[in-house]
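Chemist: coords please:
(5 chains)
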Amino acid sequence: MSVGIWEIVALVLLVITAIAVVRLQNAVHAALALIANFLVVAGVYVALEARFVAMIQIIVYAGAIVVLFLFVIMLLSAASASMGKDLFPRLPWVAGLGAVGLAGVLLLALSHFQPPASPPPLQGGLPQVLGPLLYDPQQWLYALLLVGFLLLVATVAAVVLIEPERIASQPGPEAPKDEPGVAER
Amino acid sequence: MIHMGLWLPLLAGLVLLLFPSLGRGFAVASAAASLVIWLVLFVGYDGGVAYYSQTPFLPELGVYYSVGLDGSGLLLWFAVSLVVLLGVWIADVPVRFLALSLIMQTGLLGIFAAQDLVLFYVFFEATLIPALLMLWFFGGPDRLRAIYTFALFTLVGSLPMLAAIFAVRYLGGAESFLFTDLAANPLTGPAATLAFLGFLLALAVKTPLFPLHAWLPGFHQQNHPSGLADAMGTLYKVGIFAFFKWAIPLMPEGFQQWQGLLLFLAAFGALYAAWVAFSAPDWKTLLAYAGVSHLGMGALGLFSGNMEGTVGALYLLGASMIYGSAMFLFVGLVYKRTGSLELMPVRGLARHTPALYVLGMFLLMAMIGLPGLSGFPGELMVLLGAYQVSPWLTFVTFVSVVAAAAYALTAFQKLFQETPPRPASDAAQASAVLDLNWREWGFAALTVGVLLLMGLYPKLFTVYLEPLGRAIAALFGGGA
Amino acid sequence: MTTLYILVGLATVLTLLSFVVSREASRYIAVSGLLLAGLYSLVDWGQTVIGFGGLYQFDTLARGLTIVAILGGLWALLLGPARKFEFPLLVLFAVAGIHIMASTPNLVVMVIALEILSLPLYVLATWQRNEKGFEAGLKYFLLGALAAAIFLYGIALYFGATGSFAVGAAGSGPLYTAALLLILTAFAFKIAMVPFHWWAPDVYQGSPTVVTLFMATVVKVAAFAAMLRIFTPEGLEVWGMALAALIALTILFGNLGALAQSEAKRLFAYSSIANAGYIGLGLFGPTGGITIPFYLLSYGLATGIIFAVLAMLSNQDIPLERLRGLWYRRPLLGGAMAISVLSVLGLPPLAGFWAKFMVFQEAALAGFWGLVVLALLTSAIGAYYYLKVFFLVFSRPTLVQEADDREAEAALAEFGSSEAPGIPVSSAPLGLTQGLMAPAAHTGLPTLSILLVALGLLGLLSILPALGLRFFSPGPTTATVAATITAPTVGYSHSEYRFITPNPRPLHHPLHALRAPPGGALTAGSHTLLDGSPGDSLELFANRSPLGLVGDCSERRVTVVVTLPLPAPSCEAVRPRGQDLTPIVDSL
Amino acid sequence: MQETIFLPLIIALPLLGFVVLGLFGKHFKEPVAGWLASSLVLGSFLLGLYLLFQGGARWTLLDWLPGIPFSFNLDNLSGVMLLVVTGVGFLIHVWAIGYMHGDPGYSRFFSYFNLFIAAMLVLVLGDSLPVVFIGWEGVGLASYLLIGFWYNQRVNADSARKAFIVNRIGDLGFLLAMGLLWKMFGTLSISELVQKVEAGGYNPAALTLAGLLLLIGAMGKSAQVPLMVWLPDAMAGPTPVSALIHAATMVTAGVYLLVRHAFMLHGDACLSGLIVVIGLITAIYGALASLGQWDIKRIVAYTTLSQLGFMFVAVGVGAYWVAIFHIVTHAFFKALMFMTSGSVIHALGGEQDVRQMGGMRKYLPSTHIHGVVATLASGGLIPLAGFWSKDAILAYSFAYGPLLWALMMIASVLAALYSVRWYVLVFWGDYRGKEHPHESPPVMLWPNHILMVGAAGAGFMGLPYVIDYQNFLNPFLTPAIGDFALEKLPVLTEWILIIVSAVVAAVTLWWGFGFYQQKAPPWLERFQVWALEGFYADALFNTILVNPARSLAGVLLDADRGILAGFTGLGSLVGGLGRLLASLQTGALRLYMVGLMIALVLLLGWGVLR
Amino acid sequence: MIWLFASALLFAIGTYGALTRRTAILVFLSVELMLNAAALALIGFAQLMGSLDAQVVVLFIIAIAAAEVAVGLGLIVAIFRRRETTSVDELRQLRG
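Modeler: Purely as a prediction, here's the structure:
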């Protein structure tokens, strides 16, 4: 396997942006670094014949999900909130060691990977080839449906989480009178 | 019949728990019925494991509900049934207490009847529950510590036994946990040594063997002064039986590895406990240590691994269950009269309660192994067996016979004899302390009768114990 | 299939329906939906329903565990009339997630199901809406997300190593090992195995008690369903030691840590950690597919009862002291609590003992003797804190408690209803700090009756554990077949039995001959094989060459005498994972 | 030898008395209980006599315990003992009817008394060692009960307890002997043991050990040095008890046991020598200690010790029939001596200190005559019973060794001295007490009359061969004991010994009679202080055995609590470990994550690098 | 192959971030990085093994990430509303 210059560049970019995500003090910067990282990854996907996935990566992951992060960071004005004294100042060293160890172990495991001699073609990973797989009841339709269900679950869960005051302000009309108690505060 | 005998007490106990108004009469009737059932079983006994029954319980795992009675089972069923009857007959306790005793009776009977190792284990452990409840609900003020000691000793000992149980079957290659299967595939090699250790820990607690006897004094001290719970606890000391029935036949090689240590512990414990008993501050402590001493002697016999020792150990076990329990109940009677169990002040009871005095004398003499009473045949056989293996340890053990006389008679003297140093209000004392009432007379008559029967005609049981002893001896190449 | 449709469909429909129907109505709809799903799980018991190209596989294991999960969900619903309609909805989601997880052999579906199960739980953990609730929720969520990432990475590696997302794909090498260990880590997190357990005590304590009940009883069900499919004994040499190490740490930490606890929910959280370790033992053995569900059921019942009783006391922190005298104040609750505690402790003859017995013997069969001994020793240590609870229940109540009881009774009288507000048996004044959750769960008739039903089930399992075991065993009543093999035996290192069955019975898990030593070579002597049913024929293979039909199990126990021919030339034999012809044992 | 159910019946009769009197004692009016008990003993006596005339009897219950029959055997040896026990026992029973008059525990006393007879008969008749042991401990129990008969006084209860415990030390020897014999021969039946020992094929050293263990048992029961300490204290019981149990019968059980096992002893010079030494020491010790006593019963008790020593010497030198002979004569004269003492005590309202007596010959003429005969028989005046048996012992001692004879001669001198001292202090001089003495009732006199006849004439059944070549007793006993040919002394030597013995005894008695009427010289008083305390044997035992044992018991009790504390400590340790582990649960999310991640790295590292 | 190694690096870096970040939201951000690493690994495998299945699964991963983000951010917002902070170190009421 040859390693071209673009691959080197992309790899360096990937690592730099990733480190930026975990090291930048300003949360907004970190989220932006994550977007950059995702974009690089999307580029890599294209190179790896996964074009549809690359598109989704850009649109959904970088475009929607991480932007949601940015939104929340700003909403909470947590961008560069001073955190006070660090309770565990030596923790980054331990974490660093752990990360290095983890990387080492994973690299070691991956280096044992034996790709098949002649893999079947991927046809660029275009929607035409992914679609039948995704919607075939004998293939991944079940998972797709379940993911839909998962999103429903997530929606309901999120709604429950961020609407806590509903009960306190207006107890449900059918609340039985035998349920005394008030919401806290 | 055997199933009825086994489950009737549980049923009666549960009914009694639900309807306490049925009262003592119900409990007595149940206990008496148990004894009658035992009698029927005894009369119909025809050798071997009789009344054998086997029903799949967890057939996938090789567990069967399998019960049957051999000679040892018969003897110990007798002991249990009799003591429960005596207990519910005599003890002045709340009805729920009686109910718990009945429930515990089923557990004990099951221990002696089980022919499946797992079933045995279940009974062995389940019996703990009523014992704990009795101690908790009716125990003394400092019972919590005693409970934890008791429960944890039991559990820390017996749970590792479960591992050994697995080992016996899976490493031994038996098809099920049935005794017959297991005995046909005895465990050998180093695994046997370790597995035996698993059994050893559990059974040493319940024998009890030195130094795992430490839970016992507290257990007895804190139990209800009526002695009912102590009597049931005495019945629960099934270690010797379990060694005999399970541990040794299933792992003869393992046993041989530990035999030396076991013999030493048994002998040392017997003497040690008797010695300690001499300075016991109260009756319960005294009896606790006395029990340790006697069963140490019994264990010595069993660990000799020959016919005489085995027969002696089993007989001594049965006898000590009866006189030990009766002794606790007797102490309960004393407590009823004096309100205390301490040994220190001289009480001089005999003048007011001659019948109680005589009863006590009988029990005491049975306890210290006076020939002609129930303690002696077992002791003698233990002696004959143990001497063949280790004369010195036998000597050490039987020094406790001397010590037993010392502690027992000293305590007895303080309770009954001499004149209490209370010149005034003596008359009041005399009228306050009553001799036996009719119920207590019944208790005394039955007890003394059994003590004499077992002492004078041991053949009644030993004739059935002998084949068992020979079987044990045959494991080690002895017998013939 | 119907079960899946009912659960997922109902959850979806109810989401919308909740806007129009009353809160209580939606609760009862959820309850009836769960009941219905449970009933449909029972239809065609023993059959395997396969759908979606094999991604959905509803076999006996899945059926049994689904029912356990449904029981847990029903319990939580009946106990906790929450003050938001989402509560039953979230419970329903979680149960659906468990069902999906339990009935799939595909890792991707598993991870999706894991999320379906987890997301509602994160929210439920915060249900209390107080500091502790949020703290619990956030810890659970962040650690859970981390675990999910690990799981996903494990799946990626698994795919790399095997080229498949299906469980049971053959593989070897460090990549395969790493993949399995990453997946193991994720599941170890879910079932709270040390050292991936960190969330459990905090979350159990911070969640409302009803939610804790739900977590304690059903979350393990899902994880173990998946683990049973992923970690089959065939791969023991890959993950065995790792799991053994985790289990050793788990049972030690769980039991020892519990000794130091003074808050009831936290105490039982530690207990739950320890029990996760015990259940894990079942993975080693050949019949874990039966014994682990049994454990989960009996443990679920006992823990369920414990937490139900706790829930009736309070949804907040419950210092152990508040259990004092429960027997005297509320005999039913106290008694149920006491029995359940003893069951969890594993005292015979309660169901907990049988459960422990079963999983321990699995480990023993696999030769993990050290682990078995350790497990038993730690069980004994655990006895201390279980007994602490047990005797607290039976202690005389304090004067203050008695006064509180009177107060509570007065309050009850004031409400004038027996269907009442969960009179806190505790000293907590009514109406204080109940948050979004309804006050301590109802102690009315339905609540008590479900408690009684659970007690009854527990009792049934105690007396007749075989019933429970049968319930989780695939196929109809098994027959016992005994084979007597006469020498010579040299050279027959790869031999197997097969049952030729008239109608193929797919087994999710090869049911080994429980009574033959596992992994041993074919030896002369008597062997007893479990499984097989009346009408089956037994065929013996030696070095993959059939020795012919040697007998049939027309009765419950058949003895066949097998005389082996002279040793055939040895050849490499790898047992195929046959669909129709289920290999029963790969070696005698 | 016939199998007959009458044999156990002999035992059953007194046992019946025990049960009936024990259960329904308070329903019997006073003399009835006594007469009932006495007549039952008489019944046993007659039945035993009858069976003996039939040529002995056996009764066996096979496999009483596995391999151990429950068997009785009435042969000539046990027959003699049976007759002594029931005969003398009957007389003492009757005497006790008078002596125990007015005691609140009257029925109880006779109940115990019958129990004793029953147990003693079991001991005597038992053929299987365990059966013997039943009797052995049974008499111990009866002795315990009777010594402590007046248990309201602490000293009595203490004495009873002491007797029982010391006896148990001996019993331990008996038990171990049974263990050893069973191990060697696989049987405990005496009649089978006889055959097996004769058959040989065993380790003789082991047999010596077995004999030694039996000897320990016998020493306990027969109060030989050093296990003699209980006997003087046993005088705390009522006087009939002392007469029956601690003089006539029970204490001779040890001797009987050894004679029974003569087949084991006779070939063993080492063991026999030991027995001789023990007997000798006991004989001299008892005699010396007796000379310092002031309590009338303790005087007699120590004389019993001394006489038991004589019997042991007889066993040791191999003259087994002589030992039995001495048992018989001793039973008569010592019972007489005790009952005479008892009559005096009775006459003086319970006074036992001889310093408060004196001059009784004037007040109690009949008793005085009993006393004279008892003294002379005990002192060995020819031709009373005591002389002949003692002379036989001396003669065989001479055959054993002249030195032994010389020492035994000293013991005989002392025996004469203590007898006459007792006599003089009680019956001569002036009355020194305050109570008004009164003669005993006929029910107490008549038994003494009969005993007096025995004490005078019983010796003629075992005359030396020079006088009566085939005396009655020796050939009578030989089939039961075994025919161990004893070297007969030359006629002349025998005659010289007889004469020396007779003269020495007579002279000593005469000298003593004079000596003890005078004031004691100072050296004697110093000696008496020592002798009074039994030469501090009790104190010695207390210092080296009893007190250490008692303190050790206390220490052990504390140590036992320590064991529990140890286990509890282990528990707290585990609890502490739990707290330590729980403190890992810091609540800090990041630490949790670190923990999780480190574990993951380790796990993966192990998996990948493996 | 190189992308597989890259995914391992990303995963490790994400782990580092999850461990060191003191704000909940940034911890979560790091976890996203880890999810992304898993996706990258799958795509890498897909290319090397010629499997479209893996690409499909990456789509699911993205969906899962979306679902998690919805709940996670909701949770963080809810906590912030109540406590005015998102520091994870301050949540230490539950311990022991």
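
Chemist: count the neighbours of D:Glu3 for me.
Modeler: For D:Glu3, the count of nearby residues is 10 (other CB atoms under 10 Å in any protein chain shown). Placement of C-beta: from N, CA and C, glycine included.

Chemist: pLDDT averaged over the strand or helix carrying B:Leu11, what's the number?
Modeler: Using DSSP states H and E, B:Leu11 maps to helix B:2-18. Helix B:2-18 carries an average pLDDT of 93.

Chemist: now it: buried residues?
Modeler: B:Ile2, B:Gly5, B:Leu6, B:Leu8, B:Pro9, B:Leu10, B:Ala12, B:Gly13, B:Val15, B:Leu16 (16 or more other CB atoms under 10 Å in any protein chain shown).

Chemist: next: stretch B:343-359.
Modeler: Applying 16+ other CB under 10 Å to stretch B:343-359 flags B:343, B:346-354, B:356-359 as buried.

Chemist: equivalent analysis for stretch D:30-48, please.
Modeler: The neighbour-count check on stretch D:30-48 (16+ other CB under 10 Å) flags D:33-38, D:40-45, D:47-48 as buried.

Chemist: if we can go back for a sec, out of the buried residues of stretch B:343-359, which sit inside strands?
Modeler: Of the buried residues of stretch B:343-359, none are assigned to strands by DSSP state E.

Chemist: okay, now the unreliable bits of chain A?
Modeler: Counting by pLDDT under 70, the ranges of chain A that qualify are A:1-2, A:78-83, A:164-185.

Chemist: can you pull up the most central residue in it?
Modeler: Centroid-nearest residue in chain A: A:Tyr61, 6.9 Å away (criterion: CA atoms, centre = their mean).

Chemist: wait, doesn't that one sit right on E:Ile62?
Modeler: Yes: the criterion here is CB atoms under 8 Å, and A:Tyr61 meets it with E:Ile62 at 5.4 Å.

Chemist: count of neighbours near residue 14?
Modeler: Assuming you mean chain A. Other residues close to A:Leu14 by other CB under 10 Å number 25.

Chemist: that's the wrong chain, I meant chain E
Modeler: E:Gly14: 29 neighbours (other CB under 10 Å).

Chemist: try D:Ala539
Modeler: Counted with other CB under 10 Å, D:Ala539 comes out at 11.

Chemist: can you name the element that comes right after the helix or strand containing it?
Modeler: Using DSSP H and E, D:Ala539 maps to helix D:537-541. Going down the chain from helix D:537-541, the next helix or strand is helix D:547-582, by DSSP H and E.

Chemist: name the helices or strands packed onto the helix or strand just after that next one?
Modeler: On the C-terminal side of helix D:547-582, the closest following helix or strand by DSSP H and E is helix D:589-609. The elements that helix D:589-609 packs onto, with contact taken as 3 or more CB pairs under 8 Å, 6 or more residues apart in numbering or on different chains; DSSP states H and E, are helix A:91-110, helix C:131-162, helix C:173-190, helix C:236-259, helix E:2-20.

Chemist: and of those helices, who's closest to D:Ile481?
Modeler: Closest of the helices and strands packed on helix D:589-609 to D:Ile481 is helix C:236-259, at 72.5 Å (criterion: CB to CB).

Chemist: can that closest one be found next to chain E?
Modeler: No: judged by CB under 8 Å from any CB of the partner chain, helix C:236-259 stays clear of chain E, getting no closer than 8.8 Å.

Chemist: which secondary structure elements does that helix contact?
Modeler: Using 3+ CB pairs under 8 Å, 6+ apart, helix C:236-259 is in contact with helix C:173-190, helix C:264-281, helix C:369-393, helix D:547-582, helix D:589-609.

Chemist: same thing but 6 Å
Modeler: helix C:173-190, helix C:264-281, helix C:369-393, helix D:547-582 (3 or more CB pairs under 6 Å, 6 or more residues apart in numbering or on different chains; DSSP states H and E).

Chemist: and chain A, which of those helices is closest to it?
Modeler: helix C:173-190 (3.7 Å; CB to the nearest CB).

Chemist: return the angle between stretch directions for the closest one and helix C:131-162.
Modeler: With axes from the mean of the first three to the mean of the last three CA atoms, to 10 degrees defining the directions, helix C:173-190 sits at 160 degrees from helix C:131-162.

Chemist: can you name the residues in contact with the helix or strand that helix C:173-190 is followed by?
Modeler: Per DSSP H and E, the first helix or strand lying C-terminal to helix C:173-190 is helix C:199-206. With CB atoms under 6 Å, 6 or more residues apart in numbering or on different chains as the test, helix C:199-206 has contacts from C:125, C:132-133, C:135-136, C:139-140, C:143, C:192, C:212, C:265-266, C:269, C:273, D:585, E:94.

Chemist: what's near enough to touch E:Leu9?
Modeler: Contacts of E:Leu9 by CB under 6 Å, 6+ apart are A:Val15, A:Ala103.

Chemist: apply 10 Å and report the result again.
Modeler: A:Leu11, A:Leu14, A:Val15, A:Ala18, A:Ile19, A:Ala99, A:Leu102, A:Ala103, A:Leu106, A:Leu107, E:Ala37, E:Leu40 (CB atoms under 10 Å, 6 or more residues apart in numbering or on different chains).

Chemist: what does chain E have sitting close to chain D?
Modeler: E:12, E:15-16, E:18-22, E:24, E:27, E:30, E:87-96 (CB under 10 Å from any CB of the partner chain).

Chemist: now these: which count as buried?
Modeler: E:12, E:15-16, E:18-22, E:24, E:27, E:30, E:87-91, E:94-96.

Chemist: returning to that earlier point: closest one to C:Ala148 out of the buried residues of stretch B:343-359, please.
Modeler: B:Leu343 (69.2 Å).

Chemist: state the distance from that closest one to B:Ala274.
Modeler: 16 Å (CB to CB, to the nearest Å).

Chemist: repeat for D:Leu407
Modeler: For D:Leu407, the distance to B:Ala274 - CB to CB - is 40 Å.

Chemist: give me the more crowded residue out of these two.
Modeler: B:Ala274 (29 against 18).

Chemist: that one: which element?
Modeler: Residue-wise, B:Ala274 maps onto helix B:252-278 under DSSP H and E.

Chemist: related to what we said a few turns ago, so which elements touch the helix holding B:Leu11?
Modeler: helix B:23-43, strand B:50-58, strand B:63-69, helix B:71-90, helix B:95-113 (3 or more CB pairs under 10 Å, 6 or more residues apart in numbering or on different chains; DSSP states H and E).

Chemist: and the longest one, what's buried?
Modeler: By neighbour count on 16+ other CB under 10 Å, the buried set for helix B:23-43 is B:24, B:26-28, B:30-31, B:33-35, B:37-38, B:41-42.

Chemist: enumerate every residue touching C:Leu65.
Modeler: C:41, C:98-99, C:101-103, C:218, C:220-222, C:224-226, C:228, C:292-293, C:296-297, C:472.

Chemist: quick check: pLDDT value at C:Thr484.
Modeler: 53.

Chemist: which among the buried residues of stretch D:30-48 are in contact with chain B?
Modeler: Near chain B, by the rule CB under 10 Å from any CB, you find none of those.

Chemist: which among these gets closest to chain B?
Modeler: D:Ala33 (15.1 Å).

Chemist: report the separation between the residue nearest to that closest one when sequence neighbours are not counted and D:Val41.
Modeler: Nearest residue to D:Ala33, sequence neighbours excluded (CB to CB, 6 or more residues apart in numbering or on different chains): D:Ser107, at 4.3 Å. To D:Val41, D:Ser107 is 15 Å away according to CB to CB.

Chemist: can you check C:Met358 too?
Modeler: 71 Å.

Chemist: same question, B:Ala50
Modeler: B:Ala50 is 46 Å from D:Val41, by CB to CB.

Chemist: again, but for D:Leu215
Modeler: On the measure of CB to CB, D:Leu215 and D:Val41 end up 30 Å apart.
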